[in-house]
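**Student:** give me a 3D structure for the following:
(4 chains, ligands or ions: 4)
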Amino acid sequence: AKSEPYVIYLSNNFVGNDWRQQMERVAEISVAKGPLKGRVDLRIENVENAVQAQINSLNNIMRQKPDAILIDAASDTALNPTIKKACDAGIVVISFDQVVTAPCAYALGSDWDMIPAVMAEWLAKEIDGKGKVIVDRGLAGAPISAQLQGGYEKVLANYPDIEVVGYYNGEYALGPEQSGVAALLAANPQVDGILTQGYGSGAIQALKDAGRPIVPVVGFSYNVAALTCAQTEGARCILGSNPAYLSSEAIKLAVEILDTGKRPEERSVVVKGDFVTTHPFKSELYPSATMLKIAVGENAFPDQPPGLTLPITPDWVEITAAEAAGSN
Amino acid sequence: MDIVQVKGLTKRFGGIVALDGADFSARLGEVHALLGENGAGKSTFIQILSGALNHDGGDILVDGQDYRPVNPDEALGRGIAAVFQELSLVPDLSVEQNIWFRREPRTWLRTVDVSQMRQQTLELFERYHFPSIATTREVRNLTLAERQIVEVAKGLAKNPRILILDEATSALPASEATWLLSLARQLADEGRLVIFISHRMGEVRAIADRVSVFRNGSTVATHDAAAVSDDQIVTEMIGRQLARLYPERMDTATDRVALQVRDFSSPPMLNGVNFDLREGEVLGVGGLQGHGQREMFQSLFGADKALGSVTLWGKPVCFDTPRQALSGSEGIALVPEDRRGQGLLLTKSVRENLSLPVIRRFSHLGLLNQRKEAELVRETMKSLSIKADTPEQIAGTLSGGNQQKVIFGKMLMTQARVLLLYDPTRGVDVGTKGEIFQLMRQLASEGYAILFYSSDLPELVNVADRVMVLRSGRVARMLEGDDITEEEILRAAVFDSEAA
Amino acid sequence: MNSSSKQLQSAQSMNMQSRLLAHAPFLVACSMLVVIVAIYGSLQTGVFTIDEINLNTAAAMTLMLAATGQTIVLLRGGIDLSIGGMISLGTVIAATRFGDDPANILLWSGIILAIGFGIGALTGLLISVLRLQPFLVTLAGWSILNGIALMILPTDGGKVPEWWIGSGYLEFLGLGTPVWILLALIVFWCWFRATRLCTIIKATGSSEKSAFLSGVSITRINIITYGLSGFFAALASLYLTTQIGGGSPNIGTDYILPSVAAAIIGGVSLFGGRGHLFGTIVGAYILTLIGNLVFVLRVSSYWQPVMSGVILLLAVLASSYAEQKARKRGS
Amino acid sequence: MNTFLSRNRLIVLAYIGMLLLVLITAFFSPGFLSASNLRSTFILASFVGIVALGQTFVIIGGGIDLSIPWVLNSAAVLMTLLCAGQDLPLIWVVPLLLAGGGLIGLLNGAGVALLGVPPIIMTLAANVILQGLILVFTGGTPTPAAPDMIKFLSVGRISGIPVIALIWTALTVLAWLLLSKSAFGRHLYAVGTNVTVARYSGVPTTRTTILTYVISGMTAALGGILLTGYSGVAYLGMGDSYLFTTVAAVAIGGAPILGGSGHYIGTVAGALVLTILTGLLPALNLSSGALLVVYGAVILLTVSIGSETFSEMWASASNRRKRIKEGTENG
Ligand SMILES: Nc1ncnc2c1ncn2[C@@H]1O[C@H](COP(=O)(O)OP(=O)(O)OP(=O)(O)O)[C@@H](O)[C@H]1O
Ligand SMILES: Nc1ncnc2c1ncn2[C@@H]1O[C@H](COP(=O)(O)OP(=O)(O)OP(=O)(O)O)[C@@H](O)[C@H]1O
Ligand SMILES: [Mg+2]
Ligand SMILES: [Mg+2]
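**Tutor:** Ligands and ions are numbered 1, 2, ... in the order given. This is a model prediction of the structure:
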């Protein structure tokens, strides 16, 4: 092991949403207290969603000869040549959230095979295996979007009576989600379910605006989504979670590797998060999936910002909602 | 046989008929002058001849062969080059780059051979006795006159058989104009054809062998220059007898000083100008080009900065912008040098142009009273007899003279009673010139005070009450009464003598 | 005699001055670069090594290539936003068509370059024939090309062979591939700027009307300039694939405004007719090095866009100030 | 009447295009003409329309405002932060933010009109600088939900009519009065046509230019505040799509990007066209790539139809018609 504290850089390609900001805050908090206190010199570098900028930034980071680099990547492949250089220089490279395909880097993320599958399965159950649904395509060109969309559709394909009647690009923001769903509602007199990649609450708002019945909605566990589902009459939701503390987990993994000097064989590391739902069910595809029932005060907080991502804290360090929201 | 023969040429721009069956014929070895009112179709005609425009109907024969060029290159292939009324120089290139544009000598790497190009430029300048201009200067930094000279050089560099000069002398001061006239003569004597367009009868008289007169897009007549009188040409041009070009001189000046200028300076061009302009007076400004006239007019109008004291109707003023000069009940108005670049919104209607300086006057509680505007516009158009279909006609489609009148109209609509006229008759036909002089005199008699610069000496001599000659940014002489002659003005402009 | 020789002298010094003024925008950009490198060099060790030059040139090269085309279009008085789409399209075609066979790769590189020129030429043709504003046409072109790229490769991926990626990092005489490309660009420009074509392009940018009256075919010039812009964008995309090892259907968007900014910072006039590639190269270095500077200054990386914005403004202010001065002197 | 048609041909065309689009959309999307959908389409169009108001003024004046995205975004973020979900602070927050937007416009305008910086560069720099500053200032704190009052203004209704439609209508009337019926409008068109001529005609050119940017800053800020009510929150990046949407709305509305003509009435049609289009495209179930292609093609098509070449064809055709008519009358 090298001299402490370890110098660890976090290279983040995008700051334009609440998730990324919570992710950075949580990373900083988790090295300021708990088991990692004083052990890590964490330095965060942001770039403006441009691959070339992240490549340049990584090059700069490498020149500092840090112990480890954590990367939330702008592209799953485009950073690979640069990452390979970092690995060759003996730096521990961990990609998280938007992971990379470079074989020398660890990929720490949510289970993107399981999450869409379970949620699509839930939705199919809710609508009794038949009906018309619309699907969010996320952000054009983003790897995660393609993966989620594919995950949804693969499961839906098992139900011959479920038809995907429309797609929209939700772009992980409330505005586009709401207007995208609204346009599809206008085009389709019958919509029985909505699979978003974003908040879900935008879709519910669009349903309300159009005077349509509130159909089952799939989304992700932001505070506003949980609140909307909890407080809307007749809402049926399932929210997958992609915890913002992936960054903390990445730091922990890096420290473990640096401490032990041993590099685990398995490259891909899955962080499991609970589903939050109005109607818990037992998944057949992934029986290990755990469900929490949405409840105000427990996993939906009226006094916290809408963009807060749930769950808030990993189990090895205590992070409060206020800390994660940066609102104290 | 005549090298150029044109029969029944027609050209329309949308609804406007620019050429309506024009005929023309000219031979090598002559200077052939083309005369006509503004908007008669002269420029359109030569643009067609030189490939810048396509014609709608009619035939052109060059060397007896059909000729219908689609671009200026093709025209050049037949030996025709033009010096356009709107100059075709590129501001960001140097003089020599402009002259040899697209025909530069090249090295084996196919790059421009700069030293060869310089050599050729000097040879060309020498051969035709060009006034000296540094060949490496960028054209954007040249004066209008200098640009005009470079444009001529550019035309000559193509070594054409037929050279067209469209009002090439209009921007030139006297000495350069004289040079250009002798150049045209020299070219004709070398066996080329020079087609020469000018609104100055004197110039035409000096060099033209033959004269063709255009009116309303068709040819009225072609004469041997020696066999026709000025009067007849003018009558053919304007379709009526012109009583007289210059109005009768009346002494309408009062003792009241409208504009008093002291120590007016903005080095290096203006170095302390002093004069008084009186109510009812037309004060001419002369001198060689580039001796501070433009700067003086611009600065008095607030478009440029200058030091010194200016008193307007007894009140000291200091204008930083044209807006200040124009606003208020007693201001100064300028009819600027560059009609298209400074005077008119070419793509807007006559109405919008006329009312622009005073539009705020029609504004009540923030809203425009368009009826009142239309009324005043109609009045102004009528009193200046501006020829336009309706007030809504787009200003850019008017002929040059009428465009100039619109600019006059704009300024008269303001309440300014001191008028600065910078070469207001440049490119204006005789008929209109007469009207403009008439207008100037009439305004003077109404109590306006007029400062009048002209590049045409006879105009100063015949219209101004006094003439102030500038040299090196100072008043070299103030000529009055019988002293106002072309010789005296030139002498004061060129030679040292006692300061005024 | 004495006074006239003095006059001559003052005329000469004035000429010298106005020449300096004419180059002021470029000189300002150069001094900015020197300042940035100086600060950077004093905070970071090993800045003045060949390695560092190779690394930074590699970082700036895609932008430089894209900005080369942009410079040509700007000189003509236009603007090309569609390079964003072209770069994306180039990378995805390469990533999906290259395979491993060098001959095939060569073929497809040629095809990509040809597509770049062809689409650019088409843009130029459209602009001339319909007399449209380049801003809007190329904006639409960007959207269309970006869309096609997304249809070919919906998300990042595809691949190019290892040796192709490696060719972006070769070293010869200690200098890496990007430095050699840079030298080639400089040689190209030294030649190009002296050709008739360049004069014609600048003239058209300076005054389209005058150029037309002098016999220039505006259509042809538009086809050539936008074609070259597309060509250089395609070249940039090929180089970019060595950096990212595959295709990326949105990546070109990151180069649109920086390519314009690099040219403007380097003194290329947005109104056409004035400027040269050397300025653009300096501008591209500045934009790239700002990131490094922000990094070593250890300030929040949020400040990077602020600094590029301020530098852009300073550069333009310097050139418009110089222009005003020069104009005053000239008149 | 005839002169009205031919003078405002492009605006008329924009409305015809809009009607066509409505028919097409109604065909593919049966629920399009339902009251609720029309309402939501109209609400979305209002945001574009309101933000594009300032852009229209700037473009008529011969400029362009690229700082809209982050002026909008800053206003939205600051509004939610300052109000913390309460209605009461709106009394001072809204005027403050509108003034702030105006101030950014003032700086933009001053840079353009006084310092001679090209509008593209000035406003682009302002945009990135603002973006960086907002990031630095908020330090990434997530923002509270929008106050209820704002939600009411942007998605609420008064007797069935969306409140924002009333706001938009009021602004449209105001813009029409300013452009068509006020001295400022005349000055603006003059400045956009030829600044020098305007200056020589006594137009306060500097003030007029600056004012257009101030208006643009204010409408962008207003748009940001209202948009927050639509999604209920402010998020970073919410303004990005408004850059090219506003420019496209103005262009589709018939204003040439070089300035001097055009009208906000046209922009209104442009905003509707773009919004209906974004509603139509999902209904066609195209891929993301195909969406971009269609989007680009529509912009290209509309600007082509509005091009000079087409207008000349139109003019010569109507001339021929006139001549034929005269001929028959004579005969
Ligand atoms: N591009 C154009 N569009 C519309 N009308 C035009 C255009 N060019 C010329 N005209 C019109 O054609 C007519 C002939 O113009 P032209 O320029 O040939 O006259 P000219 O004899 O050269 O006049 P001047 O002595 O003022 O130069 C005028 O009525 C003018 O308004
Ligand atoms: N009228 C024009 N319009 C547009 N581009 C032109 C025009 N004339 C020349 N060019 C361009 O400028 C470049 C140089 O022009 P030039 O006519 O010398 O062509 P060239 O083929 O290189 O020379 P040469 O005719 O001696 O073979 C060419 O690449 C050509 O495309
Ligand atoms: Mg003429
Ligand atoms: Mg050739």
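**Student:** which residues of chain B lie near chain D?
**Tutor:** B:14-15, B:301, B:303, B:321-323, B:325-327, B:334, B:336, B:341-348, B:352, B:355-357, B:359-360, B:362-363, B:366-368, B:370, B:392, B:410, B:414 (CB under 8 Å from any CB of the partner chain). Heads up, the C-betas are built off the backbone N, CA and C, glycines and all.
**Student:** just the ones of these in helices?
**Tutor:** B:322, B:323, B:325, B:326, B:352, B:355, B:370, B:410 (DSSP state H).
**Student:** in chain B, where is pLDDT below threshold?
**Tutor:** For chain B, residues meeting the criterion pLDDT under 70 lie at B:1, B:242-243, B:496-500.
**Student:** how many neighbours does residue A:189 have?
**Tutor:** Neighbour count of residue A:189, defined by other CB atoms under 10 Å in any protein chain shown: 12.
**Student:** over to residue C:285?
**Tutor:** Neighbour number of residue C:285 under other CB under 10 Å is 25.
**Student:** so where do the helices sit in the stretch 51-200 of chain B?
**Tutor:** Remark: helices assigned in the stretch 51-200 of chain B by DSSP state H, counting those that start in this stretch are B:72-77, B:95-99, B:114-127, B:144-157, B:174-189.
**Student:** other SSEs contacting the second one?
**Tutor:** Put plainly, it is helix B:95-99. helix B:114-127, helix B:144-157 (3 or more CB pairs under 8 Å, 6 or more residues apart in numbering or on different chains; DSSP states H and E).
**Student:** chain center to it: distance?
**Tutor:** Taking CA atoms, centre = their mean, to the nearest Å, the mean C-alpha location of helix B:95-99 is offset from the chain mean by 23 Å.
**Student:** cool, and the last one?
**Tutor:** Relative to the chain's own centre, helix B:174-189 is displaced by 18 Å; criterion: CA atoms, centre = their mean.
**Student:** may I have that helix as PDB, with CA atoms only?
**Tutor:** Extracted in PDB, the C-alpha atoms of helix B:174-189 (Å, rounded to 0.1, in the frame of the first residue of the first chain):
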ATOM      1  CA  ALA B 174     -10.500  68.200 -61.500                       C
ATOM      2  CA  SER B 175      -6.900  67.200 -62.100                       C
ATOM      3  CA  GLU B 176      -7.600  63.500 -62.000                       C
ATOM      4  CA  ALA B 177     -10.700  63.900 -64.100                       C
ATOM      5  CA  THR B 178      -8.600  65.700 -66.700                       C
ATOM      6  CA  TRP B 179      -6.100  62.800 -66.700                       C
ATOM      7  CA  LEU B 180      -8.800  60.300 -67.200                       C
ATOM      8  CA  LEU B 181     -10.200  62.200 -70.100                       C
ATOM      9  CA  SER B 182      -6.900  62.300 -71.800                       C
ATOM     10  CA  LEU B 183      -6.500  58.600 -71.000                       C
ATOM     11  CA  ALA B 184      -9.700  57.800 -72.700                       C
ATOM     12  CA  ARG B 185      -8.600  59.800 -75.700                       C
ATOM     13  CA  GLN B 186      -5.300  57.900 -75.800                       C
ATOM     14  CA  LEU B 187      -7.100  54.600 -75.700                       C
ATOM     15  CA  ALA B 188      -9.300  55.500 -78.600                       C
ATOM     16  CA  ASP B 189      -6.300  56.700 -80.500                       C
END
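**Student:** rewinding a little: so which of the ones in helices among the residues of chain B next to chain D comes closest to ligand 1?
**Tutor:** The nearest member of these to ligand 1, counting by CB to the nearest ligand atom, is residue B:352 at 17.5 Å.
**Student:** isn't that closest one right next to residue D:189, touching?
**Tutor:** Yes - counting by CB atoms under 8 Å, residue B:352 does reach residue D:189; the two are 7.5 Å apart.
**Student:** the two: who's more crowded?
**Tutor:** Applying other CB under 10 Å to residue B:352 and residue D:189 shows that residue D:189 carries more neighbours, namely 27 against 21.
**Student:** the residues of chain B next to chain D, buried ones only, as a PyMOL selection?
**Tutor:** The buried subset of those, as determined by 16 or more other CB atoms under 10 Å in any protein chain shown, is captured in PyMOL by this line:
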select buried, chain B and resi 301+303+321+322+323+325+326+327+334+336+342+343+344+345+346+348+352+355+356+357+359+360+362+363+368+410+414
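**Student:** and the strands in the stretch 101-250 of chain A, which stretches?
**Tutor:** A:106-110, A:130-136, A:161-168, A:193-195, A:217-220, A:237-240 (DSSP state E, counting those that start in this stretch).
**Student:** actually the stretch 351-500 of chain B, sorry about that
**Tutor:** B:363-364, B:367-368, B:418-422, B:449-453, B:466-471, B:474-480.
**Student:** for the third one, buried residues please.
**Tutor:** Think strand B:418-422. Buried, per 16+ other CB under 10 Å, within strand B:418-422: B:418, B:419, B:420, B:421, B:422.
**Student:** residue contacts, the residue in the stretch 301-450 of chain B that ligand 2 sits nearest to?
**Tutor:** Closest to ligand 2 within the stretch 301-450 of chain B is residue B:340: 25.4 Å, counting by CB to the nearest ligand atom. Counting by CB atoms under 8 Å, 6 or more residues apart in numbering or on different chains, residue B:340 makes contact with B:86, B:346, B:403.
**Student:** and the closest residue to the second one other than its chain neighbours, how many residues sit next to it?
**Tutor:** Leaving aside its chain neighbours, residue B:346 sits nearest to residue B:396 (3.4 Å; criterion: CB to CB, 6 or more residues apart in numbering or on different chains). Other residues within reach of residue B:396, judged by other CB under 10 Å, total 13.
**Student:** does residue B:396 touch residue B:343 like I think?
**Tutor:** No - using CB under 8 Å, residue B:396 is not in contact with residue B:343; the gap is 11.5 Å.
**Student:** now do the shared contacts for those two.
**Tutor:** With CB under 8 Å, 6+ apart, residue B:396 and residue B:343 have common neighbours residue B:403.
**Student:** before we move on, the earlier item: for the strands of the stretch 101-250 of chain A, give me a markdown table that also has mean neighbour count and distance to ligand 2.
**Tutor:** Output for the strands of the stretch 101-250 of chain A, formatted as a markdown table (neighbours: other CB atoms under 10 Å in any protein chain shown; distance: least, CB to the nearest ligand atom, whole Å):
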| stretch | mean neighbour count | distance to ligand 2 |
| --- | --- | --- |
| strand A:106-110 | 23 | 52 |
| strand A:130-136 | 22 | 50 |
| strand A:161-168 | 19 | 46 |
| strand A:193-195 | 27 | 55 |
| strand A:217-220 | 29 | 56 |
| strand A:237-240 | 29 | 59 |
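**Student:** now those strands as TSV including mean pLDDT and distance to residue B:80?
**Tutor:** What follows is the strands of the stretch 101-250 of chain A, written out as TSV (pLDDT from 0 to 100; distance: least, CB to CB, whole Å):
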stretch	mean pLDDT	distance to residue B:80
strand A:106-110	92	74
strand A:130-136	94	67
strand A:161-168	92	63
strand A:193-195	96	73
strand A:217-220	95	75
strand A:237-240	94	78
